[in-house]
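**Student:** Structure here, sequence nowhere to be found:
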């Protein structure tokens, strides 16, 4: 069997986001196919608590290679960072996405990699006789510039940066020449980096098409991501709650942007027609943002954080995915399909997924129509039609077997 090194930008377990699930399930299919090593960047304290090795409990065949961040050790710099974080908390300084404070950062350059990380990866390749290096997501795409020629390289594209950047620019009123220049330079480099890999994996056919049209010549495999199969809910929820649900962390800026768009443009329209609705946002959001939303919207918008039982939290609610920025696919919609929760989304939110407006979901970018569609889903028969139709499509195209078949040949 081949030795494969997986390099994600974060520890993919526990499964606290769609990105975590996509990476985790891509690793899970490698059982009995390869010897799997996973790079996990961790802090000294996380390593001592064993948090970096949690994935080994879920996937015992995986070997974790823990790279302890030198900056996390208890130096004067470390203590200063801890002190400043505590001070920010007491002063109520918001830790919302940095793009909120500085829009220009929305199209920042592709991430630089530390010498410490590059050295660790190169040593791991030698020590464990790695045959294949698989890089997950954009933050580490530049690693290709340092990898030895004798190993096969695969890049898994979860979100195309230049597509996301272009959508960012479309949301801005004043675009400077500098920002346009940054966008064009970043796009050029992103395409060049894709073409240095031996193979690229995308999570949707539309992303494959976009990469090819942009000039990516490296062979591309479209491999549909899946969510945790254990989420599948066979019985359809008959009760209807006047609750909207959204799943996603504040740290991913498109989530923040989408929620704010919905609250400013759609939420008042909904309450004017039915004031009994509440809105729950599931995922990690800052305490200050949670408090601001609760106060501004009279405690009808709730940031509930991470939930232990997503099935229970979503039961009887309507999932909204009001995204205006992004690429890849929205794992939250796959989760909703498995849990029999109907979806109302924008075109960007539903992109890359087998959604059909009016047949298995509602898709619109118009605020008034968005609210019309939400209210239609108070009808139990329509909800059942949507969830049964979408669940059938998801079961056929987004299964473990389909994921395995689309990827296994790449590792042989």
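**Tutor:** Sure, I can see it. Here the structure is a predicted model, which is why all the values come from computation and not from measurement. Numbering: from 1, shown residues only.
**Student:** Please count neighbours and contacts with C-alpha atoms only from this point.
**Tutor:** Will do.
**Student:** tell me the phi and psi of residue 278?
**Tutor:** phi -120, psi 160 (degrees, to the nearest 10).
**Student:** And for the closest residue in space to residue 345 that isn't next to it in sequence, the neighbour number?
**Tutor:** Once flanking residues are discounted, residue 345 sits nearest to residue 321: 4.5 Å by CA to CA, 6 or more residues apart in numbering. Residues lying near residue 321 (other CA atoms under 10 Å) number 26.
**Student:** As a check, name the ranges of all helices in the stretch 1-150 of the chain.
**Tutor:** 18-28, 44-49, 54-58, 76-91, 98-101, 115-127 (DSSP state H, counting those that start in this stretch).
**Student:** so how far is the second one from its chain's centroid?
**Tutor:** Using CA atoms, centre = their mean, to the nearest Å, we find the averaged C-alpha position of helix 44-49 to lie 25 Å away from the chain's own average C-alpha position.
**Student:** Over to the third one?
**Tutor:** Helix 54-58 has its average C-alpha position 20 Å from the chain's average C-alpha position, going by CA atoms, centre = their mean.
**Student:** Touching it from outside, list them.
**Tutor:** Identification of contacts with helix 54-58 by CA atoms under 8 Å, 6 or more residues apart in numbering yields 12, 13, 14, 62, 63, 64.
**Student:** pLDDT value on the second one, please?
**Tutor:** Looking at residue 13, its pLDDT is 93.
**Student:** Kindly report the same for the fifth one.
**Tutor:** pLDDT for residue 63: 97.
**Student:** ok, back up a step: okay, the contacts of helix 54-58 in JSON lines with distance to residue 373 next?
**Tutor:** Output for those, formatted as JSON lines (distance: CA to CA, whole Å):
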{"residue": "12", "distance to residue 373": "35"}
{"residue": "13", "distance to residue 373": "35"}
{"residue": "14", "distance to residue 373": "34"}
{"residue": "62", "distance to residue 373": "44"}
{"residue": "63", "distance to residue 373": "47"}
{"residue": "64", "distance to residue 373": "46"}
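**Student:** Residue 183 - that's part of a helix, no?
**Tutor:** Yes - assessed with DSSP: H, G, I helix; E, B strand; the rest coil, residue 183 lies in a helix.
**Student:** Correct me if wrong: it contacts residue 165.
**Tutor:** Yes - contact criterion CA atoms under 8 Å: residue 183 and residue 165 qualify, at 6.9 Å.
**Student:** Packing partners of the strand or helix carrying residue 269?
**Tutor:** Using DSSP states H and E, residue 269 sits within helix 267-273. With contacts taken as 3 or more CA pairs under 8 Å, 6 or more residues apart in numbering; DSSP states H and E, helix 267-273 sits against helix 367-376.
**Student:** moving C-terminal of the helix it packs on, what's the next helix or strand?
**Tutor:** helix 380-397.
**Student:** Quick one: work out the angle between that following helix and helix 367-376.
**Tutor:** 100 degrees (axes from the mean of the first three to the mean of the last three CA atoms, to 10 degrees).
**Student:** Contacts for helix 380-397 next, please.
**Tutor:** With CA under 8 Å, 6+ apart, helix 380-397 has contacts from 224, 236, 238-240, 334, 337-338, 340-342, 354-355, 359-361, 376-377.
**Student:** in it, what's buried?
**Tutor:** 382, 383, 384, 386, 387, 388, 389, 390, 391, 394, 395, 397 (16 or more other CA atoms under 10 Å).
**Student:** next one: phi and psi at residue 199?
**Tutor:** Dihedral angles (degrees, to the nearest 10) for residue 199: phi -160, psi 150.
**Student:** Not counting residues beside it along the chain, what's closest to it?
**Tutor:** Leaving out its chain neighbours, residue 199 is closest to residue 154 (CA to CA, 6+ apart), at 4.9 Å.
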